[in-house]
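In: Quick one: sequence plus predicted model below, questions after.
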Amino acid sequence: MGKIINGYIMPHPPIIVPGVGKGRELEALPTLNGIKQAVKDIAADRPTTIILSSPHAPCFSDHAYLSEAPRLSGSLANFDYPESKLDFENNLELVAAITEHARLAGISAGGLSNRVKEEYGIADSLDHGAMVPLYFIAQVIENVKLVHIATPFLSHSDLYKLGKSIAAAVAATDEQVVYVASADLSHRLTRGAPAGYHPQGRVYDEALIQLLKAADVSGILNIDPSFMETAGECGTRSIMMLLGAMDGQRIETEIYSYEGPFGVGYLVAKVHPLGMDPDSDVLGTHYKNKIVTMEQLRRDESDCVRLARQTLETYIRENRKMAMPQWIPQELLERQAGVFVSLKKDGKLRGCIGTIGPTQNNIALEITHNAISAGIHDPRFEAVREEELPELAYSVDILGKPEKIDTMAELDPKRYGVIVSQGNRRGLLLPNLEGINTPEQQVEIALQKAGIGRLEDFEMERFEVVRYH
């Protein structure tokens, strides 16, 4: 019977590889020392296969990609170090088993057709998220097979289920496996950091490390996705998959090192399983907490949100438009305004459609029209399925009248939304969005949505909203 011996969390900055850093790797000496200890322990584990999850492999929102190439090779040539080439035998038997166990858990996983690869420009070479940890591991281990898996943009619970599927697949083999979660933490620790500075970056890293030290898996699954986005991290999904692979066991975490020398959090840690825990039910507890949270949302929801929710639920479940309820406040029936309806699932956007100005006879009709559109017609997402309805959180933004402005100095992204226009092209961004902290960011995104170039002449308007939950 196969097993996962240990799990390791390792960062992936190419600069810590001497051939890339050319001396600058010494600025991350605690990280190098932590990795040295980690690979020493990996060598002592004597794995027959390494499973490595990377956030820089091809990541999708609905599919966990595993390379099916017979051999897995790559280099850091993109970082001026082509001599770093590595090559591993792909454990295709284990890849197939993971794919099947994931499918049984309701998660799409596995390889991709050549047509899809060509469409998305996907190569089977190892990305730098895999190459950096493997560069150090390859110095102490030879003749080990590899499984290379992307960290998809799934819900936290599905990432954990994917990890469970990996463990189930391993258990059905004779493999002795080390799981490596390639994971950088916040990219916003200092001024000049890759994602820009944000004080929540350091807060996020400290919170995640404390949860790992406490083996608080439920706490990690309950991390708010907006907190992750604000911190600008890239590794938590990989860590959640690793923890899922340890499901049902007591674990302890050893922190080898943590630092942020280049504005990015580098954590090196070992997650060691201590044996089965018959009282453990991480996913069950997670689902129960989610139900309690959603029930509280429903109890506290505003009239605007109640109308949006009931409209979409009726349309999806009964394939009809709901008659206007008797309880609608008179104000919503007498006023006109632009309205945006937003849907989130597990803290992630699931749909958002709105109107800059009124297109219906009153706000109530504007809400019902846009609620259906947000759930069914947002081109960025598939239509909401009936089984998803209990998991959706709604918000409704009622827009004030736009006013023209001349400069970005007249914007405040927390207070005002922005409309940019050039001819018939218009783009809008709502105010008070996670991760949007400056007028420049706000306008840049609005321009992208409108298809307007930054150097084109364009007009700006600002507006206020009243947001209902």
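Out: Right, received. Where do you want to start?
In: The stretch 1-150 of the chain: strands as residue ranges?
Out: In the stretch 1-150 of the chain, the strands defined using DSSP state E, counting those that start in this stretch lie at 3-10, 49-54, 64-65, 71-76, 81-89, 109-110, 145-150.
In: Redo those strands as JSON lines? Include distance to D277, mean neighbour count and mean pLDDT.
Out: C-beta: built from backbone N, CA, C; applies to glycine. Listed next are the strands of the stretch 1-150 of the chain as JSON lines, based on distance: least, C-beta to C-beta, whole Å; neighbours: other C-beta atoms under 10 Å; pLDDT from 0 to 100:
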{"stretch": "strand 3-10", "distance to D277": "15", "mean neighbour count": "24", "mean pLDDT": "98"}
{"stretch": "strand 49-54", "distance to D277": "22", "mean neighbour count": "28", "mean pLDDT": "98"}
{"stretch": "strand 64-65", "distance to D277": "26", "mean neighbour count": "24", "mean pLDDT": "96"}
{"stretch": "strand 71-76", "distance to D277": "34", "mean neighbour count": "18", "mean pLDDT": "97"}
{"stretch": "strand 81-89", "distance to D277": "33", "mean neighbour count": "15", "mean pLDDT": "96"}
{"stretch": "strand 109-110", "distance to D277": "26", "mean neighbour count": "20", "mean pLDDT": "96"}
{"stretch": "strand 145-150", "distance to D277": "26", "mean neighbour count": "25", "mean pLDDT": "98"}
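In: how about those strands in TSV, adding distance to N370?
Out: Below are the strands of the stretch 1-150 of the chain laid out as TSV (distance: least, C-beta to C-beta, whole Å):
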stretch	distance to N370
strand 3-10	42
strand 49-54	38
strand 64-65	33
strand 71-76	46
strand 81-89	50
strand 109-110	35
strand 145-150	34
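In: Which among those is found nearest to H469?
Out: strand 64-65 (32.1 Å; C-beta to C-beta).
In: Tell me the strands beside the closest one, with direction?
Out: Using DSSP bridges, strand 64-65 pairs in its sheet with strand 109-110 (parallel).
In: quick revisit: which among the strands of the stretch 1-150 of the chain is found nearest to P379?
Out: Of those, the one closest to P379 (C-beta to C-beta) turns out to be strand 64-65, at 23.0 Å.
In: How far off centre is the closest one?
Out: Relative to its chain's centre, strand 64-65 lies at 14 Å (C-alpha atoms, centre = their mean, to the nearest Å).
In: try stretch 416-435
Out: 24 Å.
In: And stretch 77-88, by the same measure?
Out: 28 Å.
In: okay, that stretch in CSV with CA atoms only?
Out: Output in CSV follows, covering the C-alpha atoms of stretch 77-88 (Å, rounded to 0.1, in the frame of the first residue of the first chain):
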residue,chain,number,x,y,z
ALA,A,77,16.5,29.4,-19.5
ASN,A,78,13.9,32.2,-19.3
PHE,A,79,16.0,33.5,-16.3
ASP,A,80,19.3,33.3,-18.2
TYR,A,81,20.3,29.9,-16.8
PRO,A,82,19.8,27.3,-19.5
GLU,A,83,22.3,25.0,-17.9
SER,A,84,19.8,24.2,-15.2
LYS,A,85,17.9,21.6,-17.3
LEU,A,86,16.2,18.8,-15.3
ASP,A,87,14.5,15.7,-16.6
PHE,A,88,12.2,13.2,-14.8
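In: what's next to it, contact-wise?
Out: Outside stretch 77-88, the residues that touch it by C-beta atoms under 8 Å, 6 or more residues apart in numbering are 14, 17, 19-20, 71-76, 126, 128, 131, 134-135, 138, 144-146.
In: hmm, try it at 6 Å
Out: Stretch 77-88 is touched from outside by 14, 19-20, 71-73, 75-76, 134, 138, 146, with contacts defined as C-beta atoms under 6 Å, 6 or more residues apart in numbering.
In: do stretch 378-393 as well
Out: 297, 313, 316-317, 343-345, 351, 353, 375-376.
In: Would you show me how to pick out the buried ones of the residues you listed in ChimeraX?
Out: Selecting only the buried entries of the contacts of stretch 378-393 in ChimeraX, with 16 or more other C-beta atoms under 10 Å as the criterion:
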select :313,316,343,344,351,353,375,376
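In: how does this protein divide up, domain by domain?
Out: 3-284, 302-468 (automatic domain parsing).
In: The shortest one spans what distance, first to last residue?
Out: Yep, that's domain 302-468 we're talking about. End-to-end distance of domain 302-468 (C-alpha to C-alpha, to the nearest Å): 6 Å.
In: Helix, strand, or coil at L343?
Out: Secondary structure, DSSP: H, G, I helix; E, B strand; the rest coil: L343 is strand.
In: which residues does it form a beta bridge with?
Out: G351, Y394.
In: Skipping adjacent residues, who's closest to E434 in space?
Out: Of all residues not flanking E434 in the chain, S226 sits nearest, at 4.3 Å (C-beta to C-beta, 6 or more residues apart in numbering).
In: ok, how many other residues are close to L430?
Out: 22 (other C-beta atoms under 10 Å).
In: Pretty sure R454 sits in a strand.
Out: No. The assignment for R454 (three-state DSSP) gives coil, which keeps it out of a strand.
In: which non-adjacent residue is nearest it?
Out: Nearest non-adjacent residue to R454 (C-beta to C-beta, 6+ apart): L447, at 6.2 Å.
In: can you tell me how far that neighbour sits from L429?
Out: 9 Å (C-beta to C-beta, to the nearest Å).
In: cool, and M10?
Out: 37 Å.
In: thought G417 was touching F463?
Out: Yes. Using C-beta atoms under 6 Å, G417 is in contact with F463, at 5.1 Å.
In: Please say which of these two ends up with more neighbours.
Out: More crowded of G417 and F463, by other C-beta under 10 Å: G417, with 26 against 20.
In: still on that earlier bit, looking at the contacts of stretch 378-393, spot the one nearest S182.
Out: Looking across those and measuring by C-beta to C-beta, the closest to S182 is K345, at 26.3 Å.
In: Just list the residues touching the closest one, thanks.
Out: 391-392.
In: rerun that using 7 Å as the cut-off
Out: 388, 391-392 (C-beta atoms under 7 Å, 6 or more residues apart in numbering).
In: Let's have those residues in a markdown table, adding pLDDT, neighbour count and secondary structure.
Out: Listed next are the contacts of K345 as a markdown table, based on pLDDT from 0 to 100; neighbours: other C-beta atoms under 10 Å; DSSP: H, G, I helix; E, B strand; the rest coil:
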| residue | pLDDT | neighbour count | secondary structure |
| --- | --- | --- | --- |
| E388 | 93 | 15 | helix |
| E391 | 91 | 16 | helix |
| L392 | 95 | 21 | strand |
